[in-house]
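Asks: no sequence on this one, just coordinates:
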DNA sequence: TCGATCAATGACTATAAGTCATTTATTAGG
DNA sequence: CCTAATAAATGACTTATAGTCATTGATCGA
């Protein structure tokens, strides 16, 4: 008797359809100006039904976000699925994060709106758990690469992998948010190349953590192998 | 006949009283959960009166924020009102920004909630202009110090002062927001010292921009003079 | 075929931003 | 001191939207 299974599937599909609709509206308008009625209409459902599948507007917002984090995780995994050295992997991760920022800007924005505590406090615990799970998976990836770079003698052994990860991450975030918020003011008016600055700052930070030996062969390490 | 002048003064005072009330409520609850009725009650005025003095909730929010920026500007000015060298001034500015972050956390938070475009779009043009004016004044301060460091041969002459400023600023912001958002997760659970990391990252970035000569006497440059 | 269970609906409630006709206070002139 | 004119303040009202729940409709198992 596959009825239970089919119902389960249909329920899942409906949840997805709702996320699709919510995504369209949130991408277009952001959190506050988006209305549940709009999302319901876009999903061709009544508002009541939305609340059958998601506890609150905030929960729905997080559900959309989780897709973004899933995409980021996949991009990160692909970035280090090569047999290159850990330093190269680290730069690959940096490039992957920047690519995510460029190609998935809507998700990036949504994620950082999260800092608003308003959202946080209205989210169901299941959603929070899923968020933390994905967060952990992504951090494990990043920290793992840095640890291997330390173990392989490429980064100094007084480098704490988590600390290094946080430093690079927050440096990238700071600039990306600046770019996202008012890129034009900096690039157009003052002629800055923010993307190049981001690469430069991260490179400086990584170099400052490298062993003398690794620094000497920096170019070999970070240049992609030519077959 | 000073009646007109007195009225002007009283109007200004009332505007201040309203900001005081709004500040109390916004500090306590953040933007969305704060209500205009609450603010009105806290100011011992009716809601209608609030709208006589400020165009919208968003405008009132910005008015509070401007106080914060004013405080930051004063702190920055004081940080460089010494006869020390420009590198030392640059570190002073970094310390001043961190002090602002620690001592005026509420303003810091409010400022970064600004990134929410919802707010932006509802603000009157007068408020926007005031914001930009203060922003410009602060940036002029920072960029001016870096320019003097370049001119004085302490930073390499291929360093663009604005670019350097943006790099240091966004690096600091990235970490401060991380600290603000979930300091405990990093310090408590993983034993990181985020404050030390912030200083370290900024130091690395500055050192990477210094001339060889200045780097050689780094300690002398950044150590406060002992009389 | 029919009662039971599950899914969906939309009218309804509560809350909060913003408005405006009315009321209250202040000023200037006679 | 009185009064008309002007300015300031009020709060009931309008509108918008998140979230609820009694009712309706669909699907299932026997």
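Replies: Okay, I see it. Because the structure is a prediction, the values reported are computed rather than measured.
Asks: average model confidence for the longest helix along chain A?
Replies: Among all segments of chain A classified by DSSP state H, the helix with the greatest residue count is helix A:161-190. The average pLDDT within helix A:161-190 is 95.
Asks: again with stretch A:39-57
Replies: In this model, stretch A:39-57 has a mean pLDDT of 97.
Asks: stretch A:91-101 too?
Replies: What stretch A:91-101 shows for mean pLDDT is 98.
Asks: what about it and chain B, any contact?
Replies: No - Stretch A:91-101 is not in contact with chain B by Cβ under 8 Å from any Cβ of the partner chain; minimum separation 12.4 Å. Heads up, the C-betas are built off the backbone N, CA and C, glycines and all.
Asks: and stretch A:207-226, by the same measure?
Replies: Yes - contact of stretch A:207-226 with chain B (Cβ under 8 Å from any Cβ) involves A:207-208.
Asks: go ahead and list the helix or strand containing the closest residue to DNA strand C within chain A.
Replies: When you check chain A against DNA strand C by Cβ to the nearest atom of the strand, the closest residue turns out to be residue A:48, at 1.9 Å. Element membership of residue A:48, judged by DSSP states H and E, is helix A:47-53.
Asks: does anything pack onto that helix? Which helices or strands?
Replies: Helices and strands in packing contact with helix A:47-53 are listed as helix A:3-29, helix A:36-42; criterion 3 or more Cβ pairs under 8 Å, 6 or more residues apart in numbering or on different chains; DSSP states H and E.
Asks: the ones you listed: which one's closest to residue A:150?
Replies: For the helices and strands packed on helix A:47-53, the distance to residue A:150 is smallest for helix A:3-29, at 39.3 Å, taking Cβ to Cβ.
Asks: residue A:70 and residue A:76: what is the separation?
Replies: With the distance defined as Cβ to Cβ, to the nearest Å, residue A:70 ends up 11 Å from residue A:76.
Asks: the more surrounded of those two?
Replies: Taking other Cβ atoms under 10 Å in any protein chain shown, residue A:70 and residue A:76 do not tie; residue A:76 has more neighbours (20 against 14).
Asks: any idea which element that one lies in?
Replies: Taking DSSP H and E as the definition, one finds residue A:76 inside helix A:57-79.
Asks: now that helix against helix A:3-29, angle please.
Replies: Between the direction of helix A:57-79 and that of helix A:3-29, the angle (axes from the mean of the first three to the mean of the last three Cα atoms, to 10 degrees) works out to 90 degrees.
Asks: of all the residues in helix A:57-79, which ones are buried?
Replies: Neighbour counts over helix A:57-79 (16 or more other Cβ atoms under 10 Å in any protein chain shown) mark A:57-69, A:72-73, A:75-76, A:79 as buried.
Asks: follow-up on the earlier one: what's the longest helix of chain A packed up against?
Replies: Using 3+ Cβ pairs under 8 Å, 6+ apart as the contact criterion, the secondary-structure elements in contact with helix A:161-190 are helix A:86-103, helix A:105-113, helix A:125-151, helix A:194-209, helix B:161-190, helix B:194-209.
Asks: give me the contacts around the fourth one.
Replies: Applying Cβ atoms under 8 Å, 6 or more residues apart in numbering or on different chains, the contact partners of helix A:194-209 are A:87, A:90-91, A:94, A:98, A:155-156, A:159, A:164, A:167-168, A:171-172, A:175-176, A:178-179, A:183, A:186-187, A:215, A:218, B:163, B:166-167, B:171, B:201, B:204-205, B:207-208.
Asks: quick one: mean pLDDT over that helix.
Replies: Model confidence over helix A:194-209, given as mean pLDDT, is 96.
Asks: centre of the chain versus it, how much separation?
Replies: The offset between the C-alpha centroid of helix A:194-209 and the centroid of the whole chain comes to 19 Å, using Cα atoms, centre = their mean, to the nearest Å.
Asks: that helix: what's the following helix or strand?
Replies: Reading on from helix A:194-209 to the C-terminus, the next helix or strand found by DSSP H and E is helix A:212-216.
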